[in-house]
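**Student:** take a look and give me a structure for this.
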Amino acid sequence: MSRYKKIAVFTNEEKSSAIARRMRKLQRIVHYGTSPLYHPDVLDRSSLKTDTHIWKYGDRLYNLANKYYGNPELWWIIGWYNGAPTEAHLIKGDVIEIPINLENIATMLGV
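**Tutor:** From the prediction side, this is the model:
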């Protein structure tokens, strides 16, 4: 379930990015469009099975995704569901919910 499946892809060959391209030895830089994400409301949340996790020192979203989904690349689902796009948005003691059923999440997101 790639979140980039239906996203526009742009290539950057602008003069303003020439230094960055030269440093990376690239002719162009590929950018992905911003993915519009639907935020679940109370009714949506009630239809999903979740597990509760208390955020502690050293926790990482990708480790939780690997534990629950078997794929660390799905870390963004946990962040999206909790309104915390990065670990920097979470502090020790925060209670987060981890949605369990990936098929229901995919349906909710329209993927």
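**Student:** drop to CA atoms for contacts and neighbour counts, all remaining ones
**Tutor:** Noted.
**Student:** so where do the helices sit in the protein?
**Tutor:** In the chain, the helices defined using DSSP state H lie at 18-24, 42-46, 61-69, 75-82, 102-109.
**Student:** per-domain residue ranges of this structure.
**Tutor:** Segmentation of the chain into domains, based on automatic domain parsing, reads 1-36, 42-104.
**Student:** out of these, deepest packed?
**Tutor:** For the domains of the chain, the stretch with the most neighbours on average is domain 42-104, a mean of 15; neighbours defined as mean count of other Cα atoms under 10 Å.
**Student:** now do it: distance from first to last residue.
**Tutor:** 15 Å (Cα to Cα, to the nearest Å).
**Student:** now it, how far from the centre of its chain.
**Tutor:** Averaging C-alpha coordinates over domain 42-104 and over its chain gives two centres that are 10 Å apart (Cα atoms, centre = their mean, to the nearest Å).
**Student:** likewise stretch 15-22?
**Tutor:** Taking Cα atoms, centre = their mean, one finds stretch 15-22 lying 28 Å from the centre of the chain it belongs to.
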